[in-house]
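[1] What would the 3D arrangement of this be:
(3 chains)
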Amino acid sequence: MSTDATLANITDAEQGSSLWKDAWHRLRKNKMAVGGLFVLMLMCIAALLTPWLAPYSYEEQNLILGAAPPSAQHWLGTDTLGRDLLTRLLYGGRISLAVGFIATAVALLIGVLYGTVAGYFGGRIDAVMMRLVDILYALPFMIFIILLMVIFGRNILLLFLAIGAVEWLTMARIVRGQVQTLRQQEFVEAAVSLGLSQWTIISRHLIPNTLGPVIVYTTLTIPSVMLFEAFLSFLGLGIQPPQSSWGLLISYGVETMEEYPWLLIFPGLALSITLFALNFLGDGLRDALDPRTSKD
Amino acid sequence: MGRFILQRLLQAIPVLLVVITATFFLVRAAPGGPFSAEKAVPPEVLKALEERYQLNQPVLNQYFSYLGDLAHGDLGPSFRFPGRSVNEMIFAGLPTTAELGLYALLISMLLGTTAGVVAALKPNTAQDYIPMSTAMIGICLPSFLLGPLLMLVFGIWLEWVPVSGWGNIPGDKILPALTLASGYTAYVARLSRGGMLEVMSQDYIRTARAKGLPEWVVVIKHGLRGGLIPVVAFAGPAFAGLLSGSFVVETIFQIPGLGRFYVQAAFNRDYTMIMGTTVFFAALIILFNLLSDILAVWLNPKLRQQYSSHSG
Amino acid sequence: MQLVIKRTRRKQRTPVRSDRRRGLKLTSVLLCYLLSLLGLTACGDNENNVVSGNRQQILHWGNGTEPQELDPHIVTGVPEHHIITALLEGLVLKDPQTLEPIPGVAERWVISDDGLVYTFHLRDNARWSNGDPVTAEDFVWSWWRALQPALGNQYAYMYYAIKNAEAYAQGKIKDFDQVGAVALDERTLQVTLANPTPYFLQLLDHYSMFPVHRPTIEKFGEPAERGTRWTRAGNFVGNGAFVLKLWSLNKVVIVEKNSGYWDSDNVKLNSIYFYPTENVSTEERMFRAGQLHVTGSIPADKIAVYKKERPEDLRIAPYLGTYFYRFNTTVPHLSDPRVRRALAMTINRKQIVERVTKGGQLPAYTYTPPDTLGYTARDGFSFDPEAARALLAEAGYPDGDGFPQTEILYNTSEGHRKLAVAIQQMWKKNLNIDVILNNQDWKVYLDNVDNGHYQIARAGWIGDYVDPNTFLDMWVSNGGNNRTGWANSDYDTLVLKQSPTAPSRDARYQAFKEAEATLLAEMPILPIYFYTRNNLVRPSVKGMPANLLDYTLYKNIYLQAALPEQVE
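    Numbers count the residues shown, from 1 in each chain, chains lettered A, B, ... in the order given. Here you go, the predicted model:
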């Protein structure tokens, strides 16, 4: 039985394109995942078309109006400075989505590669690599970011990098744990005995098999990155007003949640919907990419 | 196994040294000194203060004298709180933070694995969606939102529990523990669901099922052990994260914990306090990562074999 | 309860090797912990702090942040001030209603005709909390200590009104006998000033001039040693109406009534609990949940709600402080006073205080708050976009054309942010210029302002005492708090030479008025509003009137619950 699985794995890997084709085929059958994908695409389109969609300018104030509940002029109401919330939500979405996806991509790339290499080679290499992760975990992050900002100036790219640079650590640990387990399994031993190169084993056999937990963790990382951005911006280390992001809108909304609940509810909904969509898509992808589930 | 642990403990020394060195020079490079204030500090006062805390000496001297003190377990005086030593402050804050972190970890592990395992048993059904969506809400509600929300509902509207404090008024520990646990619960749920799904499709589970064992025995005896490996790998950093990341909750609920001290120190450029907490957290993180690695080895029979054969 | 569970757990432990049993056991232990955690709810049905406090005369006070220290010669902040004034007492106190000096440790005092020599007669029943009498020598020794450079006392300048104190603090004189503070006998203290200083009695009620107990300090270290353990509960010996009972880091500071205090018959409170309440939103919720009698502040957006629903809890009082922006006058385009005035004249301050800060603040058209001990400066400008545009055109930027990119620097805070965003928009609308905002962490912000790395920076100033001098002496050339690069020799003469030697109060105020007119004409700073002190106070707190300095005389306070609160 185990030999069967080994062979199945090798054939799968060698016909990489069909793996993805199969996965896409399976994904399409998962209604929740397709729904999630659809919502996300909608969000991205809205973010791209924001300058044309937004009913007002994102910095236009109306101090006389102040915070007003949703109305015909302002569908989602206005904030305490009388700015249109829908507009600010659309512009905020651009930043949040960009930060979420780009920083997570950075974390994903570094974390998976790093974790796989450490877990696969084990021994001294693993020890050195994981101790480096320990060091980075332990550094006082806030001071680190302040310094980066001072040295390089405030820059949104830097924000992506800084967040990505922190988030990859946990990713690396999870992947490494996974790879350590996988390495012991027969199909890797079989691949080694077949004389496949280490790079092939890593890229064709190990990484695809860690995708499950990685995708799950990624769908968790995107929201935490978005909130992390809010935290940094709130400290004055991220984006500057009058620009905004969903995380910042929420953190301001919290302060006035009893007086002006719409300032919390709408940004909260925007973030939640995105996260749920991501989540369903992530689950769907995980199931679709898992070669074993298909055979059940 | 013993050798493995010893090895890792030895490796911790250079790791700590790098952390100390990097932090030491990082905090001194950051703009704004510990004594800058809105009202200008007269030069003669500033000079006296710098002399008192040895800031007038070359940085390298400061560094080596810090290392020397550290070797004796002395983390120095706090710059911000003149009457307190860093040692004293860490030991004042640690029990609170540890207690809070422990409650949060227990809550998140218990709720998270339960939700994850239940969901993984019948994937893509209501039994999957309902617990997982509930867990997702934990992520959508960051602690700076969930904390005030819980305070408002349970503290002010229902008047069941106090809205802040720690050990001042009975029941004041409940809301902070729940708030801190919520995000992690969702993580644990997701990870354990993923891990369980992975394991439940493995051959040995099929074998176990084929032997005619009842499903719950298969799940608990065979499934959990492998399925929870990602959770275990996560638990170490998670607890360290709960300790070092509890500052948001500690600030919202006015809890006298280490996380709050740490952030205050960073904002105040309290050099010795930043150093002290960093060294302490670093040691903690290393320790918990080690523990979670040991647990992972223990849970994985093959790795266990490998390590025991190494140690002879 | 937790202890009990732990013990039973240990008893139950039997050597069972089965993995499944172990797993189940672990789960049950976890459950027990959780239950014990939640079990605490069962006993959460107590009356709240306010109700029990009212009954026992215990005041629960939201105190902002954790006190740095309780040594009056080291600390600098308001939270420390609140605690120290309960523990120590100076020569004079202030009437909390009028802020006029009233007797403290000194039962009476005589001021010489030239206003230079003050003779204080100490009351003979003034005692330290260990029973020692408070003597004139205690003051001389304490003041000597406060001026020791090694102590790092940032408020040493409060002494500079005293003859030779400044020279001594800066090390120009080595002999303390030359400083104008002498104990004539055990109960008589004579103080000689450098110049007549009308506000000198007020300074004596600042904690930096409080006496400290010499034997206690010497018991725990050198006199000028920072951070010895003498300020800990159990060690602290004070002469105030209260004694230090408990100081739990970042949790609470508790003071209790001092039965040996000379006026203890009139002290009604039994105890005060000071809580470090950094998070203003949480503080407000604590207040609402009945955990606090008094808060340190109130979130701006909550003011309207309280005005409507619980006006009896809300307190809005004028406060001796000004919120303003600094201009860096060394930046080329901001070195032109016309540009600075144009920027000042296009901020609609009325709209700002009504719509943005919303706390009853007053629009500021001068720097010194109006009616500061009878001093009110003439408005230096008005809201006039038309004239401002003309000024800007004259300066070479018609309709904002070619105006260089300008940045407003402020430290991270929701209030500063909102104000900056509003001002950014007003300048855009009225002058057609674009400014960008830059918020920074507090210490980074301080560093940049200190080193002149800014263009326009947010600032605030709270008077140390009620006198125009505390506002105007900061703008003298190269003054430590100036930081704008602005220098004007006429201004220096008026503030440093003419006002201290002015023969009468009118003449002195006249000099100040001229100085302030110069300041506002050149406008190195842009006044925005005068602070108000907004906080929440339970109606049961009596004997605590609001005043300009947020000054509290704890011995007058008592708690008397109105009926509904007792029922609650």
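[2] list the contacts for residue C:483?
    B:40, C:326, C:449, C:450, C:452 (CB atoms under 8 Å, 6 or more residues apart in numbering or on different chains). Every C-beta, even on glycine, is put in place using the N, C-alpha and C of the backbone.
[3] Please narrow the residues you listed to those residing in helices.
    In this view, the contacts of residue C:483 that belong to helices under DSSP state H are C:449, C:450.
[4] filter the contacts of residue C:483 down to the ones close to chain A.
    By CB under 8 Å from any CB of the partner chain, no member of those lies near chain A.
[5] Kindly indicate which of the contacts of residue C:483 lies nearest residue C:343.
    residue C:326 (12.0 Å; CB to CB).
[6] Which residue is most remote from the mean position of chain A?
    residue A:64 (39.7 Å; CA atoms, centre = their mean).
[7] I'd say it and residue A:82 touch.
    Yes: the pair residue A:64 / residue A:82 is scored as a contact, 7.0 Å apart, by CB atoms under 8 Å.
[8] What sits closest to residue C:560 if chain neighbours are left out?
    Once flanking residues are discounted, residue C:560 sits nearest to residue C:542: 5.3 Å by CB to CB, 6 or more residues apart in numbering or on different chains.
[9] In contact with that neighbour, which residues?
    C:557, C:558, C:559, C:560.
[10] what sits opposite it in the beta ladder?
    residue C:558 (DSSP bridges).
[11] Now do it against chain B, distance only.
    25 Å (CB to the nearest CB, to the nearest Å).
[12] Look up how far residue B:269 lies from the residue of the stretch 201-312 of chain B found nearest chain A.
    The stretch 201-312 of chain B approaches chain A most closely through residue B:282 (3.3 Å), counting by CB to the nearest CB. Remark: distance between residue B:282 and residue B:269 (CB to CB, to the nearest Å) = 19 Å.
[13] so how far is residue B:38 from the residue nearest the centre of chain C?
    Geometric centre of chain C, nearest residue: residue C:78, 3.4 Å, by CA atoms, centre = their mean. Remark: distance between residue C:78 and residue B:38 (CB to CB) = 12 Å.
[14] got it, and residue B:123?
    Taken as CB to CB, the span from residue B:123 to residue B:38 is 58 Å.
[15] again, but for residue B:160
    41 Å.
[16] gap between stretch A:214-224 and the chain center?
    Chain-centre distance of stretch A:214-224: 5 Å, with CA atoms, centre = their mean, to the nearest Å.
[17] so, in contact with chain B or not, that stretch?
    Yes: Stretch A:214-224 is in contact with chain B by CB under 8 Å from any CB, via A:216, A:217, A:219, A:220, A:223, A:224.
[18] which parts of the stretch 401-550 of chain C sit against chain B?
    Checking the stretch 401-550 of chain C against chain B by CB under 8 Å from any CB, the hits are C:441-448, C:450, C:459-460, C:479-481, C:483.
[19] which one of those residues is nearest chain A?
    residue C:441 (5.7 Å).
[20] distance of the closest one from residue C:263?
    Taking CB to CB, one finds residue C:441 at 45 Å from residue C:263.
[21] Between these two, point out the one with more neighbours.
    residue C:441 (25 against 16; other CB atoms under 10 Å in any protein chain shown).
[22] so the more buried one makes contact with residue C:413?
    No: with contact defined as CB under 8 Å, residue C:441 and residue C:413 do not form a contacting pair (10.8 Å).
[23] Excluding chain neighbours, what is closest to whatever residue of chain A ends up closest to chain B?
    The minimum distance from chain A to chain B, using CB to the nearest CB, falls at residue A:138 (3.3 Å). Among residues not flanking residue A:138 along the chain, residue B:282 sits closest, at 3.3 Å (CB to CB, 6+ apart).
[24] Report the contact partners of residue B:51.
    Per CB under 8 Å, 6+ apart, neighbours of residue B:51: residue C:150.
[25] That one should be in a strand, yeah?
    No: applying DSSP: H, G, I helix; E, B strand; the rest coil, one finds residue B:51 to be helix, outside a strand.
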